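Novice: Dropping a prediction and its sequence here:
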Amino acid sequence: MSALAAWLFVALAVALVLAIVLVVRAGWVLLRKLGTLGREMNALQDDLDETVGSRLK
């Protein structure tokens, strides 16, 4: 294996590992943001139920 082929193999391996790390990190951030969004939606639903409920009484 020539030196150029070895360097290209190493560069490709590093790029692959970096891509995997970035995808995993993006998935983690997405799950965290979805959790926050779910809590916000629940809070909005509670506020709406409270508002509509108080108007119906």
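Specialist: Looks like it came in fine. Residues are numbered from 1 along each chain as shown.

Novice: Tell me where this protein is predicted with low confidence.
Specialist: In the predicted model of the chain, residues 54-57 satisfy pLDDT under 70.

Novice: ranges for the helices of it?
Specialist: 3-56 (DSSP state H).

Novice: Centroid-nearest residue for it?
Specialist: With distances taken as Cα atoms, centre = their mean, residue 30 lies nearest the centre of the chain, 1.6 Å away.

Novice: State the distance from residue 53 to residue 33.
Specialist: Taking Cβ to Cβ, to the nearest Å as the measure, residue 53 falls 30 Å from residue 33. For glycine as for every other residue, the C-beta is placed from the backbone atoms N, C-alpha and C.

Novice: And for residue 8?
Specialist: Distance, residue 8 to residue 33, by Cβ to Cβ: 37 Å.

Novice: Same check on residue 23?
Specialist: As defined by Cβ to Cβ, residue 23 lies at a distance of 16 Å from residue 33.

Novice: What values do phi and psi take at residue 2?
Specialist: In terms of degrees, to the nearest 10, the main-chain angles of residue 2 are phi -80, psi 170.

Novice: and it, how many neighbours?
Specialist: The number of residues packed around residue 2, counting by other Cβ atoms under 10 Å, is 7.

Novice: how near is it to residue 11?
Specialist: 14 Å.

Novice: do the same with residue 32
Specialist: Here the criterion is Cβ to Cβ. By it, residue 32 lies 32 Å from residue 11.

Novice: and if you look at residue 29?
Specialist: Separation of residue 29 from residue 11 (Cβ to Cβ): 27 Å.

Novice: cool, residue 19 as well?
Specialist: Distance, residue 19 to residue 11, by Cβ to Cβ: 13 Å.

Novice: Now do the contacts for residue 30.
Specialist: The contact partners of residue 30, by Cβ atoms under 8 Å, 6 or more residues apart in numbering, come to none.

Novice: what number of residues lie near residue 28?
Specialist: Tallying neighbours of residue 28 according to other Cβ under 10 Å, which is how burial is gauged here, yields 10.

Novice: Could you do residue 49 as well?
Specialist: Burial of residue 49, expressed as a neighbour count using other Cβ under 10 Å, amounts to 10.
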